[in-house]
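Visitor: sequence? don't have it. structure:
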C-alpha cells in the first residue's frame, strides 16, 4: 500500500506570491483553510510558515528548478538509470524466493517445509488446465456478473431507503429487505466464483490481511534478527509467496493477474459478514471485480489455458530449484546463494550510495530547498497525477511530511538504518541533522525508496518527460505553498491507499496507536444548479454517508459518471467534489487532546 512533520519560521510580507488567476483564487482559498470558522480563526492567530525564507514564489520555483537540474546532473550521470535497471534484473534472477537466515545462508528448513505446498500448487494448476479443456467459453458467467450488479444496485436503493426512513417501521422494513438482498448477493457471488476457479488463488479464499499482519508482527519482534524469529518470518513469507501469485501471458511475461485473484479472496471473506446494508468498501470492490472478471473472461478459454500453463511451468521451475538446493551436501555453499548475495549487495550498494550522494548534495542547500525537494519527490511517487485538478491529496500528503519533519521518530536516521553506513563521516551522528532528508531517506517509511522497488530510480534520475516535468512543477508549487502556509489542524502522520494493496486489504488494523482522520469533502462545486435539479428528480445513485471532522454530515451520490459529496441532502443540497477514500486514508496518533485511551489498550510512547 503503501504505504508518513513544524519548525519555527517567519516570512516577511514581501514573500506574498503573485495572486493566482481569479478562476483559481476561490479554489485555493477553500483548499488551504480548515472547514470550521473556529479552526480558521485559530489558524490565522497561530500561523507561522514552516521554513524561514526570503524570496517570492516565482523566484523560489526558478531556484528550485535549477537545483533539480544540478542534482539530476550529479546523480544521473553515465546512464545511472540504465545501470540500475541491469542491477535490478540481476537481483530478480529467476524470480524464485530464497529465504535467508541472519548470517546470509539459505534457510533450508523453511524450503524443506514448503515443498509439499509447492507440489500441491502445481497439481492444483494442472487441474485448472484440465477443467478448462472441457469447457465452452463463458456465457453463463457473464450473465451471473450482470445479476450481481443488479443486486448491488438494489442494495444501494435499500440503503437510500434506510437513510430516508421517517419512522421506525420504515427503518425495520428497509433493513429486513436489505439483509435479504445482501443474502442473495452473497449467494450470487459465491456461485460466480465457483464457476471461475481458474481466476482464484491457491488456497482460496486466502485471508491476506491476517497473513500480512502475522508476518509483520514476527518480523518486528526482537528486530527479526534472532534465528527463531527469522525462521518463522521466512516460513510465513514463503507461504505468502505461494498464495500471493497469479497467471501471466507466456509471450510477454506480462498481464500478471495476482491483484485480481487476491481481491476475490478478500471480497469473498468480507461478504460473509452479517450486515444491515451494503458497505462502501464492498460495493467499490465488487464493481471493480465484476468489471475485471468480465474483461478477462472475454479473452476466451484457450488464452486462459496458455496463461495457466506458463504459471505451472514457473512453479515447476521453482520446485526444481528448491530440490536441487536441498540435494547439496549441508556443508556446501550453494552457488545460487553466492550469486544471490552478490546481486543483492551490488543493487543495495548502488542505491544507498546514490541516496547518500543526494543527502550530501542537498544538505548544503537552504532548508527551503531541502524541504521542497523532499516533498516534491514524495508527491511525485506517492500521488503522481491522481490529484491534479484541485491538489487536495497532494496538500494533505505534503502536510504529513511537514508533520513528520519535526517528529522525534520519523525525522532521524538511527545508526541501525541501512543508509547510515553509507553516509560520509561528516554527516554521521549528531551532524546528520536535516529533518527533511531524514524524513525521506529513513528506511521503511516510503516504499519507493527501497532499493528493489523500480520507482527508486526517480530519486536520482527524475522523469524528464513533458508530463513528468509538468507534474514536478505542480508539486513544487504545492510544496512551496504548504511550507509557507501549513495546516496545523491536520495532524496526520500516516496514510495508505487501500486500492493499491494486495487484495485491497485494510492494513490500518496493524496500527493500534493510530486512529483514522474522518473523511472530508472536496472543493465546493461552482454553479450546481443542474446537479440540484437532477437530485430533486431522483436521477442519482446513492452510495453512503459520512461525518467530517467538523461534525457535518455528507451523503455521497453518483450523477452519471461523476461522484459528489452533498451536505444538506436532500432538501438543501450543497455539492462538493468527491475525495476518494479508497485512494488515500489518513491517520493520526491515537493519544492527543481529543482522545481518551481505552483501559485495555497499551500505547507505546515514541
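Guide: On my side now, so go ahead. Note that this is a predicted model, so its numbers are computed, not measured. Numbering: from 1, shown residues only.
Visitor: which intervals of the stretch 151-300 of the chain have sub-threshold pLDDT?
Guide: Applying pLDDT under 70 to the stretch 151-300 of the chain flags residues 222-225.
Visitor: Tell me if I am right that residue 96 is in a strand.
Guide: No. Using DSSP: H, G, I helix; E, B strand; the rest coil, the assignment for residue 96 is coil, not a strand.
Visitor: What backbone torsions are found at it?
Guide: Dihedral angles of residue 96 (phi, psi; degrees, to the nearest 10) stand at phi -90, psi 130.
Visitor: Touching, it and residue 316? I think so.
Guide: No. Counting by Cβ atoms under 8 Å, residue 96 stays clear of residue 316, with 11.2 Å between them. The way it works is simple: take the backbone N, C-alpha and C, and place the C-beta from them, glycine included.
Visitor: helices and strands around the strand or helix carrying residue 181, which ones?
Guide: If you go by DSSP states H and E, residue 181 is part of helix 168-195. For helix 168-195, the packing partners by 3 or more Cβ pairs under 8 Å, 6 or more residues apart in numbering; DSSP states H and E come out as helix 139-164, helix 258-270.
Visitor: Let me know which of these is tucked in deepest.
Guide: helix 258-270 (a mean of 21; mean count of other Cβ atoms under 10 Å).
Visitor: got the angle for that helix vs helix 168-195?
Guide: On the basis of axes from the mean of the first three to the mean of the last three Cα atoms, to 10 degrees, helix 258-270 is oriented at 140 degrees to helix 168-195.
Visitor: which residues sit against helix 258-270?
Guide: By Cβ atoms under 8 Å, 6 or more residues apart in numbering, the list of residues contacting helix 258-270 from outside reads 189-190, 193, 199-201, 204-209, 244-246, 279, 281-282, 285-286, 288-289, 292-293, 296, 502-505.
Visitor: now do 7 Å
Guide: Applying Cβ atoms under 7 Å, 6 or more residues apart in numbering, the contact partners of helix 258-270 are 193, 199-201, 204-208, 244-246, 282, 285-286, 289, 292, 502-505.
Visitor: can you list the weak-confidence ranges in this structure?
Guide: Applying pLDDT under 70 to the chain flags the ranges 1-48, 222-225, 426-432, 591-606.
Visitor: what about residue 551, neighbour count?
Guide: 9 (other Cβ atoms under 10 Å).
Visitor: Residue 544 too?
Guide: 21.
Visitor: Might you report the residue contacts of it?
Guide: Taking Cβ under 7 Å, 6+ apart, one finds 280, 556 in contact with residue 544.
Visitor: name the element it belongs to?
Guide: Counting by DSSP H and E, residue 544 is found in strand 541-547.
Visitor: any idea how far residue 518 is from residue 271?
Guide: 26 Å (Cβ to Cβ, to the nearest Å).
Visitor: the more surrounded of those two?
Guide: residue 271 (22 against 14).
Visitor: List the single closest residue to that one in space, sequence neighbours excluded.
Guide: Once flanking residues are discounted, residue 271 sits nearest to residue 186: 4.9 Å by Cβ to Cβ, 6 or more residues apart in numbering.
Visitor: Surely the one you found and residue 273 touch.
Guide: No. If you go by Cβ atoms under 7 Å, residue 186 and residue 273 don't touch, sitting 9.4 Å apart.
Visitor: out of these two, which sits in the more crowded spot?
Guide: residue 186 (17 against 10).
Visitor: if we can go back for a sec, toward the C-terminus, what is the element adjacent to the helix holding residue 181?
Guide: Next along from helix 168-195, by DSSP H and E: helix 208-220.
Visitor: how about that following helix: buried residues?
Guide: 208, 209, 211, 212, 214, 215, 218, 219 (16 or more other Cβ atoms under 10 Å).
Visitor: and if you look at stretch 276-289?
Guide: In stretch 276-289, counting by 16+ other Cβ under 10 Å, buried: 277, 278, 279, 280, 281, 282, 283, 284, 285, 286, 288, 289.
Visitor: so of these, which ones are in strands?
Guide: Among the buried residues of stretch 276-289, no member falls in strands (DSSP state E).
Visitor: Throw the residues you listed into TSV and include distance to residue 385, thanks.
Guide: Converted to TSV, the buried residues of stretch 276-289 look like this (distance: Cβ to Cβ, whole Å):
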residue	distance to residue 385
277	34
278	31
279	29
280	25
281	24
282	28
283	26
284	21
285	24
286	27
288	20
289	25
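Visitor: Name the SS class of residue 566, please.
Guide: Per three-state DSSP, residue 566 ends up strand.
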